[in-house]
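Enquirer: Quick one: sequence plus predicted model below, questions after.
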Amino acid sequence: MKKQLFFLLLILPTAFAFPIWNTWSISDDYEVRFSGSGAEGTFRGLTGTVVFNPDQLGQAQFDVSVDATTIDTGNKTKDKHARGKDWFDVEQYPEIKFRSSQITKVGEQYQMTGTLTLHGTEKEITFPFTFTENGSSGLFEGSFTVDREEYGIEGPFISFMVGDDFEVSLKVPVQSSSAK
């Protein structure tokens, strides 16, 4: 009995020394929107891992992907073209991926740096975001600009009708995985 008590007293303090990470599940009512000259719409199929605690940014990790086949411009003909070889080529590149490498606090916001993989091309991007926590739920919001040509998305010969830069805005409600 004394050995068990001694062991418990030895181990108990170390249990509180480990960081508390918050793992979040992405809720179904998220928004992944894009807009630019000549095209706008949404993507569905957002999945991945979100580990975020504002007090432990060094442990934060975002490893998420979007199903590129779900592009929705509100026009079935545009959607078909966007999925085709001249644009997203979803047969060869079915996912758009992002993996964070660093998150810092800047004023009342956060700044995330990571690798965006789009159309088979990886580029490092940095963008601001906010996080609003409400008990066991939260909301991540942010936006960044993508130059489609930097990712090898050239489009057909009439692609000049569509701008190069697209604003991507994210509104991602989350639920604490431990609250499920």
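Expert: Sure thing, it's come through. Computed from a predicted structure; not experimentally measured.
Enquirer: list the contacts for residue 149?
Expert: Residues counted as contacts of residue 149 (C-beta atoms under 8 Å, 6 or more residues apart in numbering) are residue 164. Where C-beta positions appear, they are placed from N, C-alpha and C, glycine not excepted.
Enquirer: secondary structure class for it?
Expert: Assigned by DSSP: H, G, I helix; E, B strand; the rest coil, the conformation of residue 149 is helix.
Enquirer: Contacts only, for residue 97.
Expert: By C-beta under 8 Å, 6+ apart, residue 97 lies in contact with 64, 65, 66, 115, 116, 117.
Enquirer: again, only using 10 Å
Expert: 48, 63, 64, 65, 66, 68, 114, 115, 116, 117, 118, 122 (C-beta atoms under 10 Å, 6 or more residues apart in numbering).
Enquirer: filter those to the buried ones?
Expert: 64, 65, 66, 68, 114, 116, 117, 118 (16 or more other C-beta atoms under 10 Å).
Enquirer: one step back: please flag which of the contacts of residue 97 sit within helices.
Expert: Of these, none are assigned to helices by DSSP state H.
Enquirer: Report the two of these separated the most.
Expert: The distance between the two most remote of the contacts of residue 97 (C-beta to C-beta) is 18.0 Å, for 68 and 114.
Enquirer: Looking at strand pairing, list the partners for the residue positioned nearest the centre of the chain.
Expert: Using C-alpha atoms, centre = their mean, the residue of the chain that lies closest to the mean C-alpha position is residue 64, 4.9 Å off. Counting by DSSP bridges, residue 64 forms beta bridges with residue 48, residue 98.
Enquirer: What confidence value was assigned to it?
Expert: According to the prediction, residue 64 has pLDDT 98.
Enquirer: surely it meets residue 172?
Expert: Yes: the pair residue 64 / residue 172 is scored as a contact, 8.6 Å apart, by C-beta atoms under 10 Å.
Enquirer: can you list residues touching both of those two?
Expert: Common neighbours of residue 64 and residue 172, counting by C-beta under 10 Å, 6+ apart, are 26, 32, 46, 50.
Enquirer: Tell me which two of those residues sit farthest apart.
Expert: Farthest apart among these by C-beta to C-beta are 32 and 50. That separation is 13.9 Å.
Enquirer: shared neighbours, those two?
Expert: 64, 172.
Enquirer: number of nearby residues for the closest residue to residue 89 other than its chain neighbours?
Expert: Of all residues not flanking residue 89 in the chain, residue 119 sits nearest, at 6.6 Å (C-beta to C-beta, 6 or more residues apart in numbering). Under the neighbour criterion other C-beta atoms under 10 Å, residue 119 is assigned a count of 18.
Enquirer: Using CSV, please lay out the buried ones among the contacts of residue 97 together with distance to residue 133.
Expert: Compiled in CSV, those are given as follows (distance: C-beta to C-beta, whole Å):
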residue, distance to residue 133
64, 19
65, 24
66, 24
68, 30
114, 21
116, 25
117, 29
118, 29
